[in-house]
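Chemist: sequence and predicted structure, then a few things I'm wondering about:
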Amino acid sequence: MESGRAGKTETVIKSVSEPFYRSFRQFLTERFGERVHRIALDGGFTCPNVDGTVTTGGCVYCDNRSFSPNRRLPRRSIREQMEHGMNLLRARYGTKKFLAYFQAGTNTHGPVEKLRRLYDEALAHPDIVGLMIGTRPDCLPEPVLDLITEYAHRCWVCLEIGLQSIHDRSLRWMNRGHDAACFVDAVQRSRGRGFDLCVHVILGLPGETPADMMETAEACAAMELDAIKIHNLHVVRDTPLEEMYHRGEVPLPTLDEYIRWTCDFMERLPPAMVIHRLSGEAPRDYLVAPQWCREKGAILRGIENEFRRRGTRQGARYRAGVFPRSFRTALPVLD
Ligand code: SF4
């Protein structure tokens, strides 16, 4: 299935005592010399896929009522959100250093001066050692990338960009409002600016075969991104996906399927790529299905046991510089 830039299979299995994948926790400990936790922040951002800039309605799986422009509730300030989160984490884990994680909505969707004010407010706290910004690939104009580059000179910065799938038909089904080429363009313009790039993907999308999912893995590997969040498709309340699910239109993967696919997926990623997340998460009251999604520990144990059974780990089938054929055909920009 692959073509172009010839690569070779890397042998990464050195010792049975090596971890099965490069976890975010391991990365943070290496980077900061101690345990660091994220503080999820709501900067009051909406989303171009909701407010009509791109379209309305949002992605089919997203409960976007909370950040629809006409439904926003008064929020606590960034400082108040941080103090609240830090107090909880200090009490529970004794954490001393934190990352400001702008998570809700599209966190680059606004004028540069608004972004600067919010990011500055977060970084003004002496215990904040890094900045994480979640966004969409179509919401990264040059002035915003220049701003994020400035912060990368001051602290560790990670830009999280949603892709979900490299297949445009799946992006259309999700109502993402952008295509795969848009993601590649955002990555190319963001690369080499001193901040980390993390991609979000979803496994188990309707109509995607295991081979399709592995093409997404190989595309992410080929783009040499720093980190990845892998989610299982899951249904939360009050979304278009919930309606489709109740109409029987959306088969969801079993836990065993998800574990197999996730291991297959991670085997194709570079060994150094940091795995920020390995399953979908939703507040307990909001999750509709699958119920196994609630058991994060069981998912992680299942993935480790599968790697142990196979005798492999992240990167075992990684081939440097190899682009899936369909990816290259669809994205001539790579030639
Ligand atoms: S881009 Fe993100 S925030 Fe916007 S609708 Fe989709 S999932 Fe929700």
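Modeler: Sure, I can see it. Numbering: from 1, shown residues only.

Chemist: the ligand versus the residue nearest to Gly85 when sequence neighbours are not counted, what's the distance?
Modeler: Take Gly85 and drop its neighbours on the chain: the residue closest to it by C-beta to C-beta, 6 or more residues apart in numbering is Ile39, 3.8 Å away. The way it works is simple: take the backbone N, C-alpha and C, and place the C-beta from them, glycine included. Note on Ile39: its distance to the ligand, by C-beta to the nearest ligand atom, to the nearest Å, is 19 Å.

Chemist: give the contact list for Ile39.
Modeler: Listed by C-beta atoms under 8 Å, 6 or more residues apart in numbering, the contact set of Ile39 reads Gln81, Met82, Gly85, Met86, Leu89, Phe98, Leu99, Ala100, Tyr101, Ile128.

Chemist: so which strand or helix has the residue nearest to the spatial centre of the chain?
Modeler: Nearest to the geometric centre of the chain sits His200, at 2.8 Å (C-alpha atoms, centre = their mean). Assigned by DSSP states H and E, His200 belongs to strand 196-203.

Chemist: which other helices and strands contact that strand?
Modeler: The contact analysis (3 or more C-beta pairs under 8 Å, 6 or more residues apart in numbering; DSSP states H and E) places strand 196-203 against strand 156-164, helix 180-190, helix 210-222, strand 227-232, helix 255-267, strand 274-277.

Chemist: using a markdown table, lay out the ones you listed together with distance to Ile299 and mean neighbour count.
Modeler: As requested, the helices and strands packed on strand 196-203 are exported to a markdown table (distance: least, C-beta to C-beta, whole Å; neighbours: other C-beta atoms under 10 Å):
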| stretch | distance to Ile299 | mean neighbour count |
| --- | --- | --- |
| strand 156-164 | 19 | 23 |
| helix 180-190 | 26 | 19 |
| helix 210-222 | 17 | 22 |
| strand 227-232 | 8 | 23 |
| helix 255-267 | 7 | 21 |
| strand 274-277 | 10 | 22 |
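
Chemist: closest to the ligand out of these?
Modeler: strand 156-164 (5.7 Å; C-beta to the nearest ligand atom).

Chemist: the closest one to strand 227-232, inter-axis angle?
Modeler: Interaxial angle, strand 156-164 versus strand 227-232 (axes from the mean of the first three to the mean of the last three C-alpha atoms, to 10 degrees): 40 degrees.

Chemist: can you give me the buried ones in the helix or strand just after strand 156-164?
Modeler: The helix or strand immediately downstream of strand 156-164 is helix 168-173, counting by DSSP H and E. By 16 or more other C-beta atoms under 10 Å, the buried positions in helix 168-173 come out as Ser170, Leu171, Trp173.

Chemist: tell me which of those is nearest to the ligand?
Modeler: Nearest to the ligand among the buried residues of helix 168-173, with distances taken as C-beta to the nearest ligand atom, is Leu171, at 10.7 Å.

Chemist: who are the neighbours in contact with the closest one?
Modeler: Gln164, Ser165, His178, Asp179, Ala180.

Chemist: do you know how far it is from Ile161?
Modeler: Look at Leu171 and Ile161: by C-beta to C-beta, to the nearest Å, they are 13 Å apart.

Chemist: does His276 touch Phe24 like I think?
Modeler: Yes. Counting by C-beta atoms under 8 Å, Phe24 is a contact partner of His276 at 4.5 Å.

Chemist: so what sits against both of the two?
Modeler: Common contact partners of His276 and Phe24 (C-beta under 8 Å, 6+ apart): Ala227.

Chemist: and Tyr245, how close does it get to the ligand?
Modeler: 17 Å.

Chemist: any idea how far Asp127 is from the ligand?
Modeler: 28 Å.

Chemist: can you list the residues of the stretch 51-200 of the chain near the ligand?
Modeler: Applying C-beta under 6 Å from any ligand atom, we find that the stretch 51-200 of the chain lies next to the ligand at Gly58, Cys59, Cys62, Asn64, Gly105, Thr106, Arg136, Gly162.
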